[in-house]
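> The sequence and its predicted three-dimensional model are supplied below.
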Amino acid sequence: MGNFQMDTGLEHKFCRLDGEGLTVTDGTLIEGYASFFGEVDQGGDVVQKGAYLSSLAGLKAAGRRVKMLWQHDPAQPIGIWDEVREDARGLFVKGRILDSIEKGREAAALIAAGAIEGLSIGYRTRRAVKNDKGQRLLTELELWEVSLVTFPMLPSARVAAKGDEPLTDAPLRELAAALRDARLTLARD
């Protein structure tokens, strides 16, 4: 029997965050921006201000939360987002990595060491339009989860350890472009 993967229609957006962004405090508290408004990501999408409002209101009304996952794996929740909100810049998240589970301890250590520097959103597109540049403007999203990830899709934001200079994003852009090109080549074959 071969591998079977169900198409859930769930999309992902990756975002690396700078020193102002994702931070780890006492090994378990993190905060940062999982998405920035108005920035073109490597997939040619631009999240518009207000895109998350309906989804966040619906989750709150239902008494549910956005999930914190490891690498978008629904079998690996690693913490809890205590705060998820839109502000003028984008989607701000603040939460706790659970150090009572092994993967949570690993994630906190990797972030603190600078080995993991990205956040990524898992969502379904509710409304989007194409602009004259061929970019998809995402105007309403159903947010499901925010993951800690290795490779972000939005290279303009990145993590820096306290006191460190942010890394240049040129090598990461090159790697992301190579991965994107490889995906496109595989999709054509």
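Arrived safely, thanks for sending.
> how much space between Gly122 and Glu142?
Separation of Gly122 from Glu142 (CB to CB, to the nearest Å): 10 Å. (Glycine included, C-beta is placed from N, CA and C.)
> Mind listing the shared neighbours of these two?
Counting by CB atoms under 8 Å, 6 or more residues apart in numbering, Gly122 and Glu142 have no contacts in common.
> Of all the residues in the one helix or strand Ala112 maps to, which ones are buried?
Using DSSP states H and E, Ala112 maps to helix 102-113. Buried residues in helix 102-113, counted by 16 or more other CB atoms under 10 Å: Lys103, Gly104, Arg105, Ala107, Ala108, Leu110, Ile111.
> which residues touch the third one?
Contacts of Arg105 were listed using CB under 8 Å, 6+ apart, and they are Asp99.
> Below-threshold pLDDT in the chain: ranges please.
By pLDDT under 70, the low-scoring segments of the chain are 1-27, 152-189.
> Where do the helices of this structure begin and end?
In the chain, the helices defined using DSSP state H lie at 53-62, 102-113, 170-188.
> Report all helices and strands that the shortest one contacts.
This means helix 53-62. Under the contact criterion of 3 or more CB pairs under 8 Å, 6 or more residues apart in numbering; DSSP states H and E, helix 53-62 touches strand 73-86, strand 118-130, strand 136-149.
> and among the ones you listed, the most buried is which?
strand 136-149 (a mean of 21; mean count of other CB atoms under 10 Å).
> helices and strands around it, which ones?
Counting by 3+ CB pairs under 8 Å, 6+ apart, strand 136-149 packs on strand 45-47, helix 53-62, strand 67-70, strand 73-86, strand 90-97, strand 118-130.
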